[in-house]
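*Asks:* structure for this input, please:
(chains A, B and C)
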Amino acid sequence: MSRLSRDFFARDTLTVARELLGQRLVRVLDGERLSGRIVEVEAYIGEDDRASHAHCGPTGRNAPMFGPPGYAYVYFIYGMHHCFNVVTERENYPAAVLIRALEPLQGIEAMRARRDGVPNLRLTSGPARLCQALGIDRLFDGADLCAPDALLFIEQDAGVPDDAAATGSRVGVRGNAAALTAPWRFYIRGSRHVSRQ
DNA sequence: GGATCGATCGGCT
DNA sequence: GCCGATCGATCCG
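*Replies:* Presented below is the predicted three-dimensional model:
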């Protein structure tokens, strides 16, 4: 299995988001491979996107979004949850893809142990759930997913055909501005592992 | 199955 | 001070 290169991420964010469906997120934890098939993502694009953490310009928190592509942006929210994004496009243009849900593939027992024994369908079906299952926390904020020794990276897998890719508005995003109603959520049609049907 | 509500704290204004 | 790219428990049907 080959890893996705920086060139993959250095493209239009909607293209990256769409093509991430069906790829494999891998976390090496205590020498074990924990992995899952990406089944749901959301794109956050530019400072004009008012749903993006970058919409007020660069801050200490969102700095990785303004950095080069292929790096992680991990943030802490609601006082108890982590969410994982992959930075896209070019340096100094803030854009990223939020990984929202996986279908567990490898290391399922280890994931379940980290998630207090919840059933398989809930193990990684949510942005904070998958971070808990894979042990992704703020230590990965700014980590290079393309580094040879990375403990978190994305492997090329089968992908999905266009008729299996569905779109919709982003979860938790409301408002009338064009960017807020844009169909920037992508998910695999019919997957039981997406966070919302 | 779906709706509602409380938990809990870092980052920003 | 305020609020959030959420989750899980609990309620209802």
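
*Asks:* how about the strands in chain A?
*Replies:* According to DSSP state E, chain A carries its strands in the segments A:24-29, A:32-45, A:72-77, A:81-87, A:95-106, A:152-155, A:165-168, A:185-188.

*Asks:* what residues does chain A put near DNA strand C?
*Replies:* A:42, A:44, A:51-54, A:65, A:73, A:77-81, A:83, A:85, A:96, A:98, A:115, A:118, A:122, A:126-129, A:132, A:170-173, A:195 (Cβ under 7 Å from any atom of the strand). Just so you know, the C-beta spots here come from the backbone N, C-alpha and C atoms, and that holds for glycine as well.

*Asks:* in ChimeraX, select just the buried ones from these.
*Replies:* Burial among the residues of chain A next to DNA strand C is assessed by 16 or more other Cβ atoms under 10 Å; the matching ChimeraX selection reads:
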select /A:42,44,51,52,53,54,65,73,83,85,96,98,115,118,126,127,128,129,132,170,173,195
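
*Asks:* list the contacts for the residue nearest to A:Leu105 when sequence neighbours are not counted?
*Replies:* For A:Leu105, the nearest residue in space outside its immediate sequence neighbours is A:Ser35; the separation is 4.9 Å by Cβ to Cβ, 6 or more residues apart in numbering. Residues counted as contacts of A:Ser35 (Cβ atoms under 8 Å, 6 or more residues apart in numbering) are A:Arg24, A:Leu25, A:Val26, A:Arg27, A:Pro104, A:Leu105, A:Gln106, A:Gly107, A:Glu155.

*Asks:* can you tell me how far the residue in chain A positioned nearest to DNA strand C is from A:Ile154?
*Replies:* Nearest residue of chain A to DNA strand C (Cβ to the nearest atom of the strand) works out as A:Gly126 at 2.1 Å. Relative to A:Ile154, A:Gly126 is positioned 19 Å away (Cβ to Cβ, to the nearest Å).

*Asks:* list the contacts of the lowest-mean-pLDDT helix or strand in chain A.
*Replies:* Within chain A, judged by mean pLDDT, DSSP states H and E, the helix or strand with the poorest mean is helix A:178-181; its value is a mean of 81. The set of residues that contact helix A:178-181 without belonging to it, under Cβ under 8 Å, 6+ apart, is A:Ile45, A:Asp48, A:Asp49, A:Arg50, A:Ala51, A:Ser169, A:Val173, A:Arg174, A:Gly175.

*Asks:* and these, which of them are buried?
*Replies:* Neighbour-count burial (16+ other Cβ under 10 Å) is assigned, among the contacts of helix A:178-181, to A:Ile45, A:Asp49, A:Ala51, A:Val173.
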